[in-house]
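>>> Mind folding the following:
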Amino acid sequence: MALIQRLRGASEVAATKTATAAELLASRAKRPDAEYQELKSRVHNRLFEVLDISRMSKVSEERVRQDVATACARILAEERVLQTLEEREKIVREIQDEVFGLGPLEPLLQDPTVTDVLVNGHGHIYVERFGRLEKTVARFKDDAHLTRIIERIVSSVGRRVDETTPMVDARLKDGSRVNAIIPPLALDGPLLSIRRFGVDPLKASDLIQVGAVTEEVLHVLAGVVKSRLNVLISGGTGAGKTTLLNVLSSFIPDGERIVTIEDSAELQLRQEHVARLETRPANIEGKNRVTQRDLVINSLRMRPDRIVVGEVRGPEALDMLQAMNTGHDGSLTTVHANSPRDALSRIETMVAMAGLDLPQRAVRSQVASAIHVVIQLARLADGKRRLVSLQEINGMEGEVVTMQEIYTYERHGVDSDGNVLGEIVPTGLRPRFTEKLRIAGVELTSDLFERRGPKGRR
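Residues are numbered from 1 along each chain as shown. Model (predicted):
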């Protein structure tokens, strides 16, 4: 009987221990975020007490990552707070991201489905996937933590952000576009916007696959680029202008010298002979600023075959038009505008910003003779990007620049899932530039421009 009681007592003790262990595991799983962040902060602060910082710059990143992981594991073992294996691995991974990367943004930037990362203060991080915004569980510890990450990004490209320069454009190593704005201009904490570009830029076949353009349209555009017509790509924010510019630039022959001019370098040209130029903001004394206009003027002395301006947004529009009109055919650029007609109006306005007080007709004449093709892109209500208009500039009639639409996007409605239904179709007008393409050795068959009948019949 005594033996049975002892066995019963032992089983009750074991059961109690098992229950206690289960409760501990449950409490760890439910640990408040603040407690977790505090634990990670303690480990992070102690990390540099046990690591030789001067040695870190003399060995490979992989070796330093191993040292960081080993040191973190040792520190966590000394902590009296209970941690699960999953929690320890998560802390080590996040601290490695703090040391080498962009902290809580690292997992988001490694997700290929994320196209935009939008940070509204330390506690609110949103991403865009498949054209739709969603809030994430990621967060920074505080605004100071977010500010340190912003400073790390901008300093890597030789720029700065502080109270005297609270707005900055920069880029990540993979070419993703970054914009940051901090207090006092940002009232509720630092704001960070990252427009991602894939390590492998989209190709022409990718645009066809997602329905952004059709094979017929892309065939026409390839001929336009190869025959050295000047192209203006127009669209709103996030419409895919830079993506299309990258694709069109891939049609430029390898034997030509290309000069790219950008505020923040993000173009990913694959040709071998590319000279990349980037603007420079003013220094702390407000001097030594280099603008896009300065670079456009300088590029004319660099013997370019093609000039590619990432986005025209100021008085450099005048110098760009003059370059297009003086032997630098085949140039490409983009502009923010809601329609092809608005794009020409914006170019006209930006030329006026040069301050030369040119007559309106003279400016419009420059535009009409310099730009041959305007491509309008749009981001539809379902988040998808589409080419919605392809127009040819024919010249001047009186005071008006005349255009004719070659392709248009016809909307047919919206399906039950909210997807916009439509297709890119020819208008039936044959462009005048086909003769220039023929002279350049590019033949376009007439069926590319024939208006379709019902159910796609031509």
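
>>> lowest-pLDDT helix or strand in the chain?
helix 2-29 (a mean of 39; mean pLDDT, DSSP states H and E).

>>> Wait, a strand at residue 375?
Yes - counting by DSSP: H, G, I helix; E, B strand; the rest coil, residue 375 is found in a strand.

>>> Could you chop the protein up by domain?
Annotated domains of the chain cover 17-100, 105-195, 204-456 [automatic domain parsing].

>>> Let me have the ones you listed in CSV, extended by mean neighbour count.
C-beta: built from backbone N, CA, C; applies to glycine. Formatted as CSV, these follow (neighbours: other C-beta atoms under 10 Å):
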stretch, mean neighbour count
domain 17-100, 13
domain 105-195, 17
domain 204-456, 17
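
>>> Mind telling me which of these the model trusts least?
Of all the domains of the chain, domain 17-100 carries the lowest average pLDDT, namely a mean of 65.

>>> how about the helices in the stretch 101-250 of the chain?
106-109, 143-155, 204-209, 215-226, 241-249 (DSSP state H, counting those that start in this stretch).

>>> Need those helices in TSV (columns: distance to residue 370).
TSV is the format used below for these (distance: least, C-beta to C-beta, whole Å):
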stretch	distance to residue 370
helix 106-109	39
helix 143-155	35
helix 204-209	26
helix 215-226	15
helix 241-249	17
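
>>> Of all those, which one is nearest residue 326?
helix 215-226 (19.6 Å; C-beta to C-beta).

>>> need the contact list for residue 431.
Applying C-beta atoms under 8 Å, 6 or more residues apart in numbering to residue 431 gives the contacts 392, 404, 406, 449.

>>> how does it look with 6 Å?
Residue 431 is in contact with 392, 406, counting by C-beta atoms under 6 Å, 6 or more residues apart in numbering.

>>> Let me know the helix or strand that it is in.
When elements are assigned from DSSP states H and E, residue 431 belongs to no helix and no strand.

>>> Do me a favour and get the backbone dihedrals for it.
When read as degrees, to the nearest 10, the backbone of residue 431 gives phi -70, psi 150.

>>> how far away is it from residue 251?
Counting by C-beta to C-beta, to the nearest Å, the separation of residue 431 from residue 251 is 17 Å.

>>> Equivalent analysis for residue 112, please.
Distance, residue 112 to residue 251, by C-beta to C-beta: 26 Å.

>>> and if you look at residue 435?
Taking C-beta to C-beta, one finds residue 435 at 19 Å from residue 251.

>>> again, but for residue 216
From residue 216 to residue 251 the distance is 15 Å (C-beta to C-beta).

>>> Next: residue 307.
Taken as C-beta to C-beta, the span from residue 307 to residue 251 is 16 Å.

>>> which non-adjacent residue is nearest the residue nearest to the spatial centre of the chain?
When C-alpha atoms, centre = their mean is applied to the chain, the residue found nearest the centroid is residue 195 (3.0 Å). Take residue 195 and drop its neighbours on the chain: the residue closest to it by C-beta to C-beta, 6 or more residues apart in numbering is residue 177, 4.2 Å away.

>>> Now do the same contact list for that neighbour.
For residue 177, the contact set (C-beta under 6 Å, 6+ apart) comprises 195, 264, 266.

>>> okay if I get these as a markdown table plus distance to residue 241?
As requested, those are exported to a markdown table (distance: C-beta to C-beta, whole Å):
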| residue | distance to residue 241 |
| --- | --- |
| 195 | 11 |
| 264 | 14 |
| 266 | 11 |
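
>>> Residue 357: which of the residues you listed is nearest?
The closest of the contacts of residue 177, once distances to residue 357 are taken by C-beta to C-beta, is residue 264, at 31.2 Å.

>>> Next one: the residue nearest to the closest one when sequence neighbours are not counted relative to residue 226, how far apart?
Of all residues not flanking residue 264 in the chain, residue 169 sits nearest, at 4.6 Å (C-beta to C-beta, 6+ apart). Separation of residue 169 from residue 226 (C-beta to C-beta): 32 Å.

>>> Check residue 85 too.
Residue 85 is 58 Å from residue 226, by C-beta to C-beta.

>>> Quick check, residue 308 in contact with residue 333.
No - Residue 308 is beyond contact range of residue 333, at 7.0 Å (criterion: C-beta atoms under 6 Å).

>>> which strands and helices sit next to the strand or helix carrying residue 368?
Using DSSP H and E, residue 368 maps to helix 360-370. Applying 3 or more C-beta pairs under 6 Å, 6 or more residues apart in numbering; DSSP states H and E, one finds that helix 360-370 contacts helix 316-324, helix 340-352, strand 385-397, strand 400-414.

>>> Of these, which is nearest residue 246?
Per C-beta to C-beta, nearest to residue 246 of the helices and strands packed on helix 360-370: strand 385-397, 13.4 Å.

>>> and the closest one, which strands flank it?
strand 373-379 (antiparallel), strand 400-414 (antiparallel) (DSSP bridges).

>>> export the last one as PDB, just CAs?
The reference is to strand 400-414. C-alpha atoms of strand 400-414 as PDB (Å, rounded to 0.1, in the frame of the first residue of the first chain):
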ATOM      1  CA  VAL A 400      -2.100  73.400 -81.000                       C
ATOM      2  CA  VAL A 401       0.100  70.300 -81.000                       C
ATOM      3  CA  THR A 402      -1.700  67.600 -82.900                       C
ATOM      4  CA  MET A 403      -1.800  64.000 -81.900                       C
ATOM      5  CA  GLN A 404      -3.400  60.800 -83.000                       C
ATOM      6  CA  GLU A 405      -4.100  57.700 -80.900                       C
ATOM      7  CA  ILE A 406      -2.800  54.500 -82.200                       C
ATOM      8  CA  TYR A 407      -3.800  52.100 -79.400                       C
ATOM      9  CA  THR A 408      -6.300  52.600 -76.600                       C
ATOM     10  CA  TYR A 409      -7.500  50.600 -73.600                       C
ATOM     11  CA  GLU A 410     -11.200  49.800 -73.700                       C
ATOM     12  CA  ARG A 411     -12.800  49.100 -70.400                       C
ATOM     13  CA  HIS A 412     -15.700  46.600 -70.400                       C
ATOM     14  CA  GLY A 413     -16.700  46.700 -66.700                       C
ATOM     15  CA  VAL A 414     -15.700  45.100 -63.400                       C
END
